[in-house]
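Peer 1: what's the 3D shape of this:
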Amino acid sequence: MRRRVVITGVGCVTPMGTQVEKIWQGLLNGESGVGPTTLFDASNFPTTISAEVRDWDITDEGEDAKRWQHTGRHSRFAAGAAKKAVIDAGLLDAKFDPTRLGVYLGSGEGQQNFGRFTRMMIGALDGDDQLDMAQFTRVGLDELDPLDELEQEPNMPAGHVASMFNAQGPNANCLTACAASSQAVGEAVELIRRNDADVMISGGTHSMIHPFGVTGFNLLTALSTSNDEPTRASRPFDRNRDGFVLGEGASMVILEELEHAKKRGAQIYGEVVGYGSTADAFRITDTHPEGRGAISCMKMALADAELNTDQIDYINAHGTSTSVNDKVETLAIKETFGEQAYKIPVSSTKSMMGHLIAAAGVTELIVSLMAIRDNTLPPTINYETPDPDCDLDYVPNEARPKTCRAALSNSFGFGGQNITLIVSELAG
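Peer 2: Below is the predicted model:
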């Protein structure tokens, strides 16, 4: 008999706040975490807006600032969200075998120290503005801190989280772009199912609101340039959408084998019942126009959950607010669910929170859990002009009461990765 996996704790550090209940209420109220970029001078970029984490510091979680002074922004986000989730699950002082506690995250590359790198480059230029590699090396050895170099590695947040909680079990990191944290959760579920762990701290963290990140996405024409109205810039499924809003942050869930959770009297938010993972095997930057990877991914998750299409009450869409993504995801949902697709409410909370990249999927999974708990669906804000290619029920602009027993959450990433997770209320 397959071991069942439940979620017993959640924690977030996001542009909408750092308390799950506050974030949830903000989403239900249609609030937005998008504003002018302040982390660097973006005035000369095509996009000058983003969804930043504001008014939060790692010391807010009772952590010593000195311990984290050489860590990247993404590592601090991960530590904060993980600590919140561990406390929420009642695990901070719990006694159990540390080799049965693991960490599986979705994290991107660390944030570079641009000031030091610039000084290295300038210091190594010769009279003809050519790079003198010998001088570059000498300056680099003076300018760079070895701990800063380590923080570029995407697995560092998982290492930090493991050391915080003495998690001696499996430890891994997914680097699959916007699908990373959802894939991390799915793979962590599989570790528990096959009895390699009893508890997993899983989720994602990312911060790309820096010059290199914004430059790259602007060159890909993926970001919204609706700078004059930041809170209205992200408009998934709307005909006038013009790209996503770059966000940052971290979210974590505590995944636990059901009997283990029951034995210690843990709260249970819901059960992870379905996981699908596929690749488009198409272009690196474009989703397959017929949505073949997304379709097979959703079908795989439904089969894993042993659910029929009429048993899904809500879909939290990847819904980035880019022209092609929203169109293809709509097509994929219709191909997967048939006529039932028009009866299932679909919404994108990226309309309010922006796109948290590697942290997006798990954040939206937590939103799906809240929808099940409260039987209320979050809206897609800024939905004003219908698009004939996007003709589903997108819960426009206002939250909606609805009985919700099972929810499906999609995450699709650059490179063609597709992940679908299904969570449900605990039954039986």
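
Peer 1: Where do the helices of the stretch 301-428 of the chain begin and end?
Peer 2: Using DSSP state H, counting those that start in this stretch, the helices of the stretch 301-428 of the chain run over residues 323-337, 350-353, 360-374.

Peer 1: And those helices: which comes nearest Ala158?
Peer 2: Closest to Ala158 of the helices of the stretch 301-428 of the chain is helix 360-374 (C-beta to C-beta; 13.5 Å). Yep, even glycine has a C-beta here, placed from its N, CA and C like the rest.

Peer 1: model confidence over that closest one, on average?
Peer 2: Average pLDDT, helix 360-374: 98.

Peer 1: hey, C-alpha coordinates of that helix in CSV?
Peer 2: C-alpha atoms of helix 360-374 as CSV (Å, rounded to 0.1, in the frame of the first residue of the first chain):
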residue,chain,number,x,y,z
ALA,A,360,6.2,30.4,-7.7
GLY,A,361,4.9,26.8,-7.8
VAL,A,362,5.0,26.1,-4.1
THR,A,363,3.5,29.5,-3.2
GLU,A,364,0.6,28.7,-5.5
LEU,A,365,0.3,25.2,-4.0
ILE,A,366,-0.1,26.9,-0.6
VAL,A,367,-2.8,29.1,-2.1
SER,A,368,-4.6,26.0,-3.4
LEU,A,369,-4.5,24.5,0.2
MET,A,370,-6.1,27.7,1.5
ALA,A,371,-8.8,27.5,-1.1
ILE,A,372,-9.6,24.0,0.0
ARG,A,373,-9.6,25.0,3.7
ASP,A,374,-11.8,28.0,3.3
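
Peer 1: So for it, what gets flagged as buried?
Peer 2: Neighbour counts over helix 360-374 (16 or more other C-beta atoms under 10 Å) mark 360-372 as buried.

Peer 1: how about a markdown table for these, with distance to Leu302 added?
Peer 2: Compiled in a markdown table, the buried residues of helix 360-374 are given as follows (distance: C-beta to C-beta, whole Å):
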| residue | distance to Leu302 |
| --- | --- |
| Ala360 | 22 |
| Gly361 | 18 |
| Val362 | 20 |
| Thr363 | 22 |
| Glu364 | 18 |
| Leu365 | 16 |
| Ile366 | 21 |
| Val367 | 20 |
| Ser368 | 15 |
| Leu369 | 18 |
| Met370 | 22 |
| Ala371 | 18 |
| Ile372 | 17 |
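
Peer 1: Pick the one among those residues closest to Ile315.
Peer 2: Ile315 lies nearest to Ser368 out of the buried residues of helix 360-374, by C-beta to C-beta, at 8.8 Å.

Peer 1: Now the closest one: closest residue in space, sequence neighbours ignored.
Peer 2: Closest residue to Ser368 apart from its sequence neighbours, by C-beta to C-beta, 6 or more residues apart in numbering: Ala407 at 3.9 Å.

Peer 1: What residues does the one you found make contact with?
Peer 2: Going by C-beta atoms under 8 Å, 6 or more residues apart in numbering, Ala407 touches Ile312, Asp313, Tyr314, Ile315, Asn316, Ser368, Leu369, Ala371, Ile372, Ile422, Val423, Ser424.

Peer 1: Please report how far it lies from Ile419.
Peer 2: Noted for Ala407: a distance of 15 Å to Ile419, by C-beta to C-beta, to the nearest Å.

Peer 1: again with Thr37
Peer 2: 28 Å.

Peer 1: Which one's more surrounded, these two?
Peer 2: Ile419 (32 against 22; other C-beta atoms under 10 Å).

Peer 1: tell me the contacts of the residue nearest to that one when sequence neighbours are not counted?
Peer 2: Using C-beta to C-beta, 6+ apart and skipping the chain neighbours, the partner closest in space to Ile419 is Ser182 (4.0 Å). Contacts for Ser182 (C-beta under 8 Å, 6+ apart) come out as Gly106, Gly204, Gly361, Val362, Leu365, Ser409, Ser411, Ile419, Thr420, Leu421.

Peer 1: count of residues packed around the last one?
Peer 2: Looking back up the chat, that one is Leu421. For Leu421, the count of nearby residues is 30 (other C-beta under 10 Å).

Peer 1: State whether it and Gly186 are indeed in contact, as I suppose.
Peer 2: Yes. With contact defined as C-beta atoms under 8 Å, Leu421 reaches Gly186; the gap is 6.1 Å.

Peer 1: can you list residues touching both of these two?
Peer 2: Tyr275, Gly276.

Peer 1: Which one, of the helices of the stretch 301-428 of the chain, ends up nearest to Val10?
Peer 2: Using C-beta to C-beta, these put helix 360-374 closest to Val10, at 5.0 Å.

Peer 1: from the middle of its chain, how far away would that closest one be?
Peer 2: 11 Å (C-alpha atoms, centre = their mean, to the nearest Å).
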